[in-house]
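Visitor: just the structure for this:
(2 chains)
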Protein chains: 2
Amino acid sequence: MNEFIYQKLVKALSQQIEDAVWQPGDKIPSIRALASQFDVAKVSVQHALHRLEAAGLVQAKPRSGYYVTAKAVGYKQQPTSLIPNKPQIAKVPDVFHSIMARGAAFDILPAARDKSEHNQHIALLNRHIGRASRIHADRHASYYGDPAGDSELRQQLRQHYQQHGVYLAQEEICITSGCQHSLFLALMSCCEPGDTVAIESPAFYGVLQILISLKLKVVEIPASVTQGIELDELETAFKKWPIKACVVSPNFATPTGACMPLQNKHRLLALAEKHQVVLIEDDIYTELGFHLRPECLKQFDKSGNVIHCSSLSKSLSRDLRTGWISGGKFHDKIVHLKLVNQLANSLSLQQGVASFIGEGHFKRYLLQQRRRLLKQRDNWVTAINHYWPDEIRYTLPDGGLSFWVEFPKQVDTLTLYQNMLKHDIVLTPGMLFSTQSHYSNCLRLSFAHPLTSAREKALQKIARQLSRCK
Amino acid sequence: MNEFIYQKLVKALSQQIEDAVWQPGDKIPSIRALASQFDVAKVSVQHALHRLEAAGLVQAKPRSGYYVTAKAVGYKQQPTSLIPNKPQIAKVPDVFHSIMARGAAFDILPAARDKSEHNQHIALLNRHIGRASRIHADRHASYYGDPAGDSELRQQLRQHYQQHGVYLAQEEICITSGCQHSLFLALMSCCEPGDTVAIESPAFYGVLQILISLKLKVVEIPASVTQGIELDELETAFKKWPIKACVVSPNFATPTGACMPLQNKHRLLALAEKHQVVLIEDDIYTELGFHLRPECLKQFDKSGNVIHCSSLSKSLSRDLRTGWISGGKFHDKIVHLKLVNQLANSLSLQQGVASFIGEGHFKRYLLQQRRRLLKQRDNWVTAINHYWPDEIRYTLPDGGLSFWVEFPKQVDTLTLYQNMLKHDIVLTPGMLFSTQSHYSNCLRLSFAHPLTSAREKALQKIARQLSRCK
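Guide: Numbers count the residues shown, from 1 in each chain, chains lettered A, B, ... in the order given. This is a model prediction of the structure:
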């Protein structure tokens, strides 16, 4: 495979950072200087710097330039102690449930503390839904919609995907009540109780809970905090255990924000095909790439082996409760399960969303949203750099909604969670992302919400608590 | 147990009808005359006549009086050939799925043929939802709601129940995406794959599909077309098989519209308690009683053994996708399963519904809706009396949305369904209501929609097809 110029640059600059040509905190040469030094176009340098930023090696400071990150250096790999477990029926401590119920709020402070800033796109979206509900009010009240979803919404999603090189027919898309619902239907369609499922570790806690509810066995595969699931480890597991399905979130996975390189995606697809393992793709964060929209597994799926799950909850509104699933060879079964599980989704809501997307508002909203999230990521990272102890390491994702913070071994984030709860501060401790009690010194931080002064104060309170752990 | 006066009257009048004191089609004496003859209050006669009407023995003709029904006479019992099956993993023929997907439309003709009549209440409901979506637009877009549901909506439901003598705390109610969703969560919470569940026969096909999806064994208990599940048969089954749960729809059950007498409800509760069987109550039609709102099982549940499922889909709007569940001792598990299955429901929608109920519109809508449905029931019954052969028997429910038609043995309603599909007429054949291939000569007819002239023509087409079956 031919390397792009920017990829060569990424390698060269990474090497220089690793070789300590610059120290943490140093400003690296300007884009103009690097373009001249490597004899390449400035746009290639810019592209390479975005990649380095995504990999957490450098950090942009507005109107100043790029700096080698103080704490990201060396944090490219998983804690080395992590080894895949033997498949076993998934279970988690009871405290997990209450944290998860709170964690669905997905924030350091309850929503009530937020001064809502008016978003024109959301207001417009609501008008579209209102209009759809008026047009066929009585018909909608009297009839259930198609279990697979409103055809106009599926048509809009088809077109949206097509613009990004993902070719799906309308019949290959089934509307659900969000990505969690899609993942539930996906696992229920291809697994029987007692079957074994491979997951990345750390993994989204929502998936762990589905595995428990469906009485599935789980084997956790270590994942790099920048590049996602470790494929050598996964291949070993495929050979060793009778694995039925593998759930991955290739793009900007929660909690780390890791993004699988393209060649890893191709290798994953080939491995799954070879070992006849169903790939369940959680694609909810793909639209939230700050600099580029990475490829999903589904677009390379020739045999129908990939069950693709996504939603508008992160990219537009959580209140829509609107997701979708494209189930490959399991699709008919999935549509039937959707019918059995809850008949249909609201027609007014789906038709309102369809016209909102159809008029181009979703695309415009995404542009705005990506800029907003990138800014918020930088604000949050700057703040924890400022308030939290020097010993932390963290990821610096190039998209998504969250980053992963690792504290020194002696810090127990479950205790931290419990202590901060007394101050009405809700944290998401690392233990939530594994069935194996890993990550007791880690924390997921969300930058989905603006860093208000109340949240900054919360970060200071956490810092004071941390200083007592020493 | 002391009999009420109206119950004695029901017995006396039933006996006279059975003894052929009046012939089918005869007008029975007026309320005033009967009150004088039996020396009771007119209100007791009225109450008794409602019961006889619910039992299908008499039929009210507006501004005329009560008539002995032509075809309901003698149709009080189940086909006698029906005996409970040995528990076995539920399965149904493939054709079942496609009929069910169409049957969710729940009508004889597609919605598109309907000239929507404007309903002010539905328009008002949409305005309430629109307002709720505007008030906290940005907060709703950014945060998931409580998995158990919006507290204001739960509060309104609590008050609504309380007015009808059902005392539930807000914490005992969990919002779902409809009654099908509630039933799914109910069965998933109290059964493991391979467990045995008792159901009434005929039963709601949505429940059969859940049993199949969750790999549960099923034993079908005969149900009277007027009084619901046969308790002697159920008791025998409880003694004979390791039954974990029993799903019943005590009030105006689809397909027959049967309503369990109060004493049967008490006996059912005692039986379930004694044999430690969980009772899952599908209560979706209770609000649609034309003359009275019958008691639900939940209101007599002292031990938390009843999982109560309901929804606004039949009583207000299918487009809301809003139901609820009160899970007794399984409630915590159910709320957790709801979270795992799909996180939360739309906050805007829930808050809009809550304010609609809170301002008294739901109650007013129900009054209107009950009158409308009673009128539609009579129109449909009159029409099939007019167009369909004399040999049919049918139920005449006192609430709900559907009645049950039995043809002579040689009529196969699955073939009828397939033939009528060519004319874009969607029927709901009897086989859909059993896992045991019963009811091949039965049909469910819905009176949820007005009998338009297009639907009347459809009934005529069906009649022509029926005449060819002879």
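Visitor: max-length helix in chain A?
Guide: With residue count as the measure and DSSP state H as the assignment, chain A has helix A:361-387 as its longest helix.
Visitor: elements contacting the next helix or strand after that one?
Guide: Reading on from helix A:361-387 to the C-terminus, the next helix or strand found by DSSP states H and E is strand A:393-394. Counting contacts by 3 or more C-beta pairs under 8 Å, 6 or more residues apart in numbering or on different chains; DSSP states H and E, strand A:393-394 packs against strand A:402-406. Just so you know, the C-beta spots here come from the backbone N, C-alpha and C atoms, and that holds for glycine as well.
Visitor: ok so, going back, tilt between the longest helix of chain A and strand A:402-406?
Guide: Compare the direction of helix A:361-387 with that of strand A:402-406 by axes from the mean of the first three to the mean of the last three C-alpha atoms, to 10 degrees and you get 20 degrees.
Visitor: what mean pLDDT does helix A:361-387 get?
Guide: Helix A:361-387 carries an average pLDDT of 90.
Visitor: please apply the same query to stretch A:410-423.
Guide: Per-residue confidence for stretch A:410-423 averages out to 92 on the pLDDT scale.
Visitor: mind listing what's buried in it?
Guide: Residues of stretch A:410-423 classed as buried under the neighbour-count rule (16 or more other C-beta atoms under 10 Å in any protein chain shown) are A:411-414, A:416-417, A:419-420.
Visitor: could you dump the residues you listed to a markdown table with secondary structure?
Guide: Putting the buried residues of stretch A:410-423 into a markdown table (DSSP: H, G, I helix; E, B strand; the rest coil) gives the following:
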| residue | secondary structure |
| --- | --- |
| A:Val411 | coil |
| A:Asp412 | coil |
| A:Thr413 | helix |
| A:Leu414 | helix |
| A:Leu416 | helix |
| A:Tyr417 | helix |
| A:Asn419 | helix |
| A:Met420 | helix |
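Visitor: could you dump the residues you listed into CSV with distance to chain B added?
Guide: CSV is the format used below for these (distance: C-beta to the nearest C-beta, whole Å):
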residue, distance to chain B
A:Val411, 28
A:Asp412, 25
A:Thr413, 22
A:Leu414, 19
A:Leu416, 23
A:Tyr417, 18
A:Asn419, 24
A:Met420, 19
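Visitor: just the residues you listed now: which is nearest B:Thr254?
Guide: Using C-beta to C-beta, the shortest approach to B:Thr254 within the buried residues of stretch A:410-423 belongs to A:Tyr417, at 47.3 Å.
Visitor: state the distance from that closest one to A:His423.
Guide: As judged by C-beta to C-beta, to the nearest Å, A:Tyr417 and A:His423 stand 11 Å apart.
Visitor: on the three-state scheme, the nearest residue to A:Leu125 once chain neighbours are set aside is what?
Guide: Distances taken as C-beta to C-beta, 6 or more residues apart in numbering or on different chains place A:Phe356 nearest to A:Leu125, at 5.1 Å, with adjacent residues excluded. A:Phe356 falls in the helix class when you classify it by three-state DSSP.
Visitor: pretty sure A:Phe356 is touching A:Phe362, no?
Guide: Yes. Shown here, A:Phe356 and A:Phe362 form a contact pair, counting by C-beta atoms under 8 Å, at 6.1 Å.
Visitor: higher neighbour count, these two?
Guide: With neighbours defined as other C-beta atoms under 10 Å in any protein chain shown, A:Phe356 and A:Phe362 compare such that A:Phe356 has more, 27 against 20.
Visitor: is A:Arg444 located within a strand, as I assumed?
Guide: Yes. With three-state DSSP as the criterion, A:Arg444 is part of a strand.
Visitor: report all helices and strands that the longest helix of chain A contacts.
Guide: Under the contact rule (3+ C-beta pairs under 8 Å, 6+ apart), helix A:361-387 is packed against strand A:58-61, helix A:120-135, strand A:402-406, helix A:453-468.
Visitor: among the ones you listed, which is nearest B:Asp319?
Guide: Comparing those under C-beta to C-beta, the one sitting nearest is helix A:120-135, at 7.6 Å.
Visitor: mean confidence score for the closest one?
Guide: 88.
Visitor: go through that helix and flag the buried ones.
Guide: Applying a neighbour-count criterion of 16+ other C-beta under 10 Å, the buried positions in helix A:120-135 are A:121-122, A:124-130, A:132-133.
Visitor: give the burial count for A:Lys215, as a bare number.
Guide: Counted with other C-beta under 10 Å, residues neighbouring A:Lys215 total 15.
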